[in-house]
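[1] Predicted model follows, preceded by the sequence.
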Amino acid sequence: MKTTAAIIIVLALLLGFNSLYTVGEGQSALVLQFGKILRTDKQPGLHVKVPLLQQALTLDDRILSFDGQPERYATSDKQSVNVDFYVKWRIANPADYYRATGGDELQAGQRLSPIISNALRGIVDTRSLQQLIAGNPGDLTAGTVQQSNEQAQKTLGISVVDVRITGIEFPDDIKAAVYKRMQTERQQQAAAIRADGKQEAEAIKADADRQAQVIRANAESDADKAKGEGDAQAAQIYAQAYAQDPDFFAFYRSLDAYKKAFGDGKGTIILKPDSEFLRYFGNPAPAPARH
C-alpha cells in the first residue's frame, strides 16, 4: 500500500514537472502535439502544457550568424571571382521556421546559404570586373540583403539582418592590376594628406610670424616709450644738478668725458696743455674768462 502511494506521488511529481516549461528573454517556444504546432509562446516566464502529450520546443530569437562557403561567380564581362561572405539572421516566424528546418540552426544555415548565393550571383553578374575592383563591397551586400530577405522570410520564416563580404579573390592575371590600383589609391591618399599637412603647417607658421611681428612691434614701442621717458628724466636730473651747482656739474660731465675717452687705455688725444678739456688734470679752478 505504501509502495503504491509512493509510486503515485512520484508519477504525479513527474507529470507536474513535465507540464511546465520556461521561456527566457530572447526566446520563443512552440508547443507541439504529435508534431503539430498548437501555439507559439513569446512571453518570458513559466508556462503550462499537457504532460506527455505535448512538447515544448525553445527557439533563440536573437541575431544568429553563419559563414557561407566561398562561391565562384561570373562578372558581366565573363571574369570569374571567388566571394567569401557571412550572414546575420534571426527567426521572424517561429512556426514557419520550424516547418522548414525542424528548429535546427545548422539546417537553417544550409538552406539559407543558397538563397544568399543566388542573390549575390544576381548582383555580381550585372557588374564588370573593373566595377568590382573599384566599387565598395557594401554596395553588393545592400542589394543582397534586400533580394534574399523576401525569399528567406517566405520559405524559411527567417529575416536576413545583414550580409558582409569577407573577401573577393580575383583571377591571378588580374591580381597584379588590382594591387597596383590599390597602391596608386593609397599613394594618392598619402599625397593628399601630406598636402593638407603642409598647407596647415604654412598657415600655422604664417600666423606665428604675424604674432611675432606684433609682439616685436609692441615691444619696440614700449622700449621707445621707456627710453623717451628715461631720457626726459635724465635731462630733468641734469638740469636740476646744473642749477644746484654748475661747477660740480661741469666737473662730473668732464669725468664722464674722460671715462669715455680713456676708458679702454688705448686712446690717444693730442691737445694743447691749456685746452679746456684738460683743465681738471691741472688746476681745477675755472679758467679765466678770455677777452
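    Alright, I've got the coordinates.

[2] okay, CA-based contacts and neighbour counts for the rest of this
    Fine.

[3] Let me know the pLDDT of residue 255.
    Reported pLDDT at residue 255 in the predicted model: 67.

[4] What is the burial count for the closest residue to residue 116 other than its chain neighbours?
    Among residues not flanking residue 116 along the chain, residue 148 sits closest, at 5.8 Å (CA to CA, 6 or more residues apart in numbering). By the criterion of other CA atoms under 10 Å, residue 148 has 22 neighbours.

[5] what helix or strand does residue 148 sit in?
    Here residue 148 sits within helix 137-156, counting by DSSP states H and E.

[6] Any buried residues in that helix, and which?
    Of the residues in helix 137-156, 140, 141, 144, 145, 147, 148, 149, 151, 152, 153, 156 count as buried by neighbour count, 16 or more other CA atoms under 10 Å.

[7] which outside residues touch stretch 228-239?
    Here stretch 228-239 makes contact (CA atoms under 8 Å, 6 or more residues apart in numbering) with residue 249.

[8] So which bits of that stretch are buried?
    Buried residues in stretch 228-239 (16+ other CA under 10 Å): none.

[9] cool, stretch 43-54 as well?
    Neighbour-count burial for stretch 43-54 [16+ other CA under 10 Å]: 49, 54.

[10] What of stretch 76-92?
    80, 81, 83, 84, 85, 86, 87, 88, 89, 90, 91, 92.

[11] The third one: what's it in contact with?
    Think residue 83. 70, 71, 72, 73, 165, 166, 167, 168, 169.

[12] check which helix or strand covers residue 30.
    Going by DSSP H and E, residue 30 is in strand 27-33.

[13] Quick one: end-to-end length of stretch 35-48, please.
    18 Å (CA to CA, to the nearest Å).

[14] Any chance you could list what contacts it?
    Counting by CA under 8 Å, 6+ apart, 19-25, 27-32, 94-95 sit against stretch 35-48.
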